[in-house]
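Engineer: Structure here, sequence nowhere to be found:
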């Protein structure tokens, strides 16, 4: 038997082997293992299901390369990986971003409320000042009194809690001292008129 004959025989054997291998893989279905993988995600503490999913997805790709067609169940395995890895990962990122953003947004709201409270007290302070200058007497009353006498356009309350949080206020005509305090000053120290504003006025 010469070399050419040996090569022909080997080629035929290899061809038969490839056909047998292709036939074996053509009969493979990954539908069953997809169901098993799904169960393992929930009874195998997730990680076991993920490992099995990756292993069989790799094997199904090998089958697809040999048979030149997509084996049954490969789509299921891909969907399982997507739904149990990529989607949860995306949700985690979104939630993490939200948890980071919430404190920041809370601080923005808190600052806005502090600024609004100081603005309210500034308006009341100026109204009391106008009252004492025009009437040449002390002021003992409320924001509603100032509004009734047209020194304020509306009454004011601390924006932090809302209804019922009336400002404490009074004015001494003799000394020129005016006091306007937020009812929530102890809890929110920034709800206070600055000394520079008081000294200036």
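Structural biologist: Right, received. Where do you want to start? A quick note: this is a predicted structure, and the numbers were derived from the prediction, not measured. Residues are numbered from 1 along each chain as shown.
Engineer: Could you pull out the helices in this protein for me?
Structural biologist: In the chain, the segments counted as helices under DSSP state H are 3-26, 31-43, 47-67, 74-81, 87-135, 143-148, 195-200.
Engineer: For the third one, buried residues please.
Structural biologist: Burial within helix 47-67, assessed by neighbour count using 16 or more other C-beta atoms under 10 Å, is assigned to 49, 50, 52, 53, 56, 57, 59, 60, 63, 66, 67. Every residue, glycine included, has its C-beta placed from N, CA and C.
Engineer: for those residues, which one is nearest residue 188?
Structural biologist: For the buried residues of helix 47-67, the minimum distance to residue 188 (C-beta to C-beta) is 48.5 Å, reached by residue 50.
Engineer: quick one, what contacts that closest one?
Structural biologist: For residue 50, the contact set (C-beta atoms under 8 Å, 6 or more residues apart in numbering) comprises 41, 81, 84, 85.
Engineer: could you dump the residues you listed to TSV with pLDDT and neighbour count?
Structural biologist: Formatted as TSV, these follow (pLDDT from 0 to 100; neighbours: other C-beta atoms under 10 Å):
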residue	pLDDT	neighbour count
41	91	19
81	92	18
84	88	18
85	84	16
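Engineer: Mind putting those into a markdown table with distance to residue 167?
Structural biologist: Output for the contacts of residue 50, formatted as a markdown table (distance: C-beta to C-beta, whole Å):
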| residue | distance to residue 167 |
| --- | --- |
| 41 | 59 |
| 81 | 61 |
| 84 | 57 |
| 85 | 56 |
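Engineer: ok, back up a step: ok, so of the buried residues of helix 47-67, who is nearest residue 117?
Structural biologist: For the buried residues of helix 47-67, the closest approach to residue 117 (C-beta to C-beta) belongs to residue 50, at 52.4 Å.
Engineer: Distance check, that closest one against residue 129.
Structural biologist: With distances taken as C-beta to C-beta, to the nearest Å, residue 50 is found 71 Å from residue 129.
Engineer: And the pLDDT for the nearest residue to residue 140 once chain neighbours are set aside?
Structural biologist: Of all residues not flanking residue 140 in the chain, residue 170 sits nearest, at 5.6 Å (C-beta to C-beta, 6 or more residues apart in numbering). You'll see residue 170 listed with a pLDDT of 94.
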